[in-house]
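Participant: What follows is a predicted protein model with its sequence.
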Amino acid sequence: MTGTFQLAACAEMLWQDKPIAWRAAKLHEMGFGVGLWNWPGWDLGALEKTGANFTIMNGYLEGRLADDEGAETLLKSARETVQIGKRLGVDRLNLHGTGLGDGGIPIWQHDVTTGAMWLKARDTLNRICDLAEQECVVFTLENLNFIDHPGCPFGSTGDVLALVSSIDRPQLRINLDLYHTQIGEGDLIRWCEKCLPFVGEVQVADNPGRCEPGTGEINYQGVARALSKLGYSGPVGMEAFAQGDEVAALEAFRAAFTL
């Protein structure tokens, strides 16, 4: 069986000496969808001209889930970003428990999430779903690991699953990042099974190093077979650096997820 998954790659992490539109065009030429991070500074017109399928981008520039001020900032930022996403035809708009600063460090760090924070996060995400329903878009909530992103509230795979499943609206799905799950929890295939009813995208990178499949400890061919057996045929995005040549890295990713 071939073509089981819809493959994409994060343009921000590859060919970093090239303009973003060049990277998007190259990925499109190679048959991959294109993932993006934050949009300020991009040449949006040049990106539109690539004809690429933009699979995911950050759905906000600032804000956070679990307090009043952060929620208002998040909603305002998301409303603006939705319009950019619609202009590019982005499939999914991605969220985290809080905005990330330089090096991916959470701007608002909490080692303990209180009951009040859980209730506020659910309220904020329901408001995000209301916005998504009005605008006919889909948001995802991504899990993050505690080493690269210390103190990020609602960062664990279990926390993300708990939030998204409790809200249970089609406008909010899980961006299941298996690189982060491997560091935070391990047991990838069981987490795939638990999260599957709510998954909007699966993201991958090997560990350690956050490079393409085959460069670390994760058996991504086994993960791919398990996902297929579970009935998943949705998007899989490589959010990873290339250990060496970018084209070779992308072909290794394609090989791992071609059954």
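Facilitator: Cool, got the structure.

Participant: Ile189 reaches Arg225, doesn't it?
Facilitator: No - contact between Ile189 and Arg225 fails when scored by Cβ atoms under 8 Å: they sit 9.3 Å apart. For every residue, glycine as well, the C-beta is placed using N, CA and C.

Participant: Stretch 205-225 spans what distance, first to last residue?
Facilitator: 17 Å (Cα to Cα, to the nearest Å).

Participant: and what of stretch 43-57?
Facilitator: End-to-end for stretch 43-57, by Cα to Cα: 15 Å.

Participant: how far is it from where the chain is centred?
Facilitator: 17 Å (Cα atoms, centre = their mean, to the nearest Å).

Participant: what sits up against it?
Facilitator: 6, 8, 19-21, 24-25, 27-28, 33-39, 81, 84-85, 87-94, 140, 175, 201, 235, 237 (Cβ atoms under 8 Å, 6 or more residues apart in numbering).

Participant: As a check, name the ranges of all strands in the stretch 1-150 of the chain.
Facilitator: 6-10, 33-35, 54-58, 92-95, 139-142 (DSSP state E, counting those that start in this stretch).

Participant: Would you check how far apart the closest residue in space to Ser233 that isn't next to it in sequence and Phe257 are?
Facilitator: Residue nearest to Ser233 in three dimensions, not counting chain neighbours: Thr4, with 5.7 Å by Cβ to Cβ, 6 or more residues apart in numbering. Look at Thr4 and Phe257: by Cβ to Cβ, to the nearest Å, they are 7 Å apart.

Participant: Same check on Gln203?
Facilitator: Gln203 is 12 Å from Phe257, by Cβ to Cβ.

Participant: okay, those two: which has more neighbours?
Facilitator: The neighbour comparison of Gln203 against Phe257 (other Cβ atoms under 10 Å) goes to Gln203, with 26 against 23.

Participant: tell me the secondary structure for the more buried one?
Facilitator: Recorded secondary structure, Gln203: strand (DSSP: H, G, I helix; E, B strand; the rest coil).

Participant: how about the most centrally placed residue in the chain, what does it touch?
Facilitator: The centre of the chain sits closest to Asn175, judged by Cα atoms, centre = their mean, with a distance of 4.7 Å. Asn175 makes contact with Ile56, Arg92, Asn94, Thr140, Leu141, Glu142, Asn143, Gly200, Glu201, Gln203, according to Cβ under 8 Å, 6+ apart.

Participant: Give the full set of residues in contact with the last one.
Facilitator: With contacts defined as Cβ under 8 Å, 6+ apart, the neighbours of Gln203 are Glu142, Asn175, Leu176, Asp177, Leu178, Tyr179, Val236, Gly237, Met238, Glu239.

Participant: dump the residue contacts of His96.
Facilitator: Pro106, Leu141, Glu142, Leu144, His149, Cys152, Gly155 are the contacts of His96 under Cβ under 8 Å, 6+ apart.

Participant: Likewise for Met30?
Facilitator: Shown in contact with Met30 (Cβ under 8 Å, 6+ apart): Val247, Leu250.

Participant: And for Val137?
Facilitator: Listed by Cβ under 8 Å, 6+ apart, the contact set of Val137 reads Val82, Gly85, Lys86, Val90, Leu93, Gln171.

Participant: Turn the contacts of Asn175 into CSV, including pLDDT.
Facilitator: Formatted as CSV, the contacts of Asn175 follow (pLDDT from 0 to 100):
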residue, pLDDT
Ile56, 98
Arg92, 98
Asn94, 98
Thr140, 98
Leu141, 98
Glu142, 98
Asn143, 98
Gly200, 98
Glu201, 98
Gln203, 98
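
Participant: Closest one of the residues you listed to Lys229?
Facilitator: Nearest to Lys229 out of the contacts of Asn175 is Glu201 (Cβ to Cβ; 18.8 Å).

Participant: For Asn145, see how far away the residue nearest to that closest one when sequence neighbours are not counted is.
Facilitator: Distance criterion Cβ to Cβ, 6+ apart; nearest residue to Glu201, sequence neighbours excluded, is Pro235 at 4.6 Å. Applying Cβ to Cβ, the value for Pro235 to Asn145 is 21 Å.
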